[in-house]
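The sequence and its predicted three-dimensional model are supplied below.
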Amino acid sequence: RKEVEQDPGPFNVPEGATVAFNCTYSNSASQSFFWYRQDCRKEPKLLMSVYSSGNEDGRFTAQLNRASQYISLLIRDSKLSDSATYLCVVVATGAGSYQLTFGKGTKLSVIP
Amino acid sequence: DAEITQSPRHKITETGRQVTLACHQTWNHNNMFWYRQDLGHGLRLIHYSYGVQDTNKGEVSDGYSVSRSNTEDLPLTLESAASSQTSVYFCASSEGGRDEQFFGPGTRLTVL
């Protein structure tokens, strides 16, 4: 089983739709979780951190389920500008260091 | 404003040549990272550093080296470039091991 898995998509959704992405991780000792956004041919940028209690930032909601070892990202009222690839990132400690593992990303296309 | 820069942004080189990619950050972060991103693989860690004179191998370190002589810079050297090293290279930095990573704009390297 791969350490961090995401559905690669693409998810093609109309403007205004609600879309959800999941990301599963295999290391039960993982401590921190993030969602990054990457536009085509650009660098990844932090979208939001994922807290145990769940967190919301405008149209975006992130949740963590430690028991089932997955994190999710919900986007409400999709905009054309939301079209991008969304990467989940999982941080665990190991061998005296922090190990970040990136998922391969889920591509979202919001269609007019 | 603090930032992280990479140079060159594009590079074409020949097999067997030594190539150095520069990464400079003004965040005053101790942690710096080098990744490569290829289709189908996502972001993979090459080398990382937790401070001056500290360097560590990542997942795909063969054929690459780094050195950390100051806080701001972590140059990545390809000792003898190979076609398999054609990729997009991203440098990143973070304040703590579990914290958000800030990425540079990337270097697109082509090895002919």
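Nice, thanks for sending it over. Treat the numbers as computed from the prediction; the structure is a model and nothing was measured.

Every contact and neighbour count from this point should use C-alpha atoms.
Will do.

For beta bridges, what are the partners of the residue of chain B found nearest chain A?
Going by C-alpha to the nearest C-alpha, chain A is nearest to B:Gly42 of chain B, at 4.3 Å. Counting by DSSP bridges, B:Gly42 forms beta bridges with B:Asp38.

Equivalent analysis for A:Thr93, please.
A:Tyr98.

That one: what's it in contact with?
A:29-31, A:99 (C-alpha atoms under 8 Å, 6 or more residues apart in numbering or on different chains).

repeat for A:Glu43
Here A:Glu43 is in contact with B:90, B:103-106 (C-alpha under 8 Å, 6+ apart).

Try it again at 10 Å.
Counting by C-alpha atoms under 10 Å, 6 or more residues apart in numbering or on different chains, A:Glu43 touches A:36-37, B:88-92, B:102-106.

Tell me how far it lies from A:Ser81.
16 Å (C-alpha to C-alpha, to the nearest Å).

Show only the entries of the contacts of A:Thr93 found in strands.
Among those, the members found in strands (DSSP state E) are A:Gln99.

Turn the contacts of A:Thr93 into CSV, including distance to chain B.
Below are these laid out as CSV (distance: C-alpha to the nearest C-alpha, whole Å):
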residue, distance to chain B
A:Ala29, 13
A:Ser30, 10
A:Gln31, 8
A:Gln99, 8
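
I'd like to know how many residues surround A:Pro112.
When neighbours are counted by other C-alpha atoms under 10 Å in any protein chain shown, A:Pro112 registers 9.

Hmm, it is touching A:Lys79, no?
Yes - A:Pro112 is in contact with A:Lys79 according to C-alpha atoms under 10 Å; the separation is 8.7 Å.

what's the overlap in contacts for those two?
Joint contacts of A:Pro112 and A:Lys79 (C-alpha under 10 Å, 6+ apart) are A:13-16.
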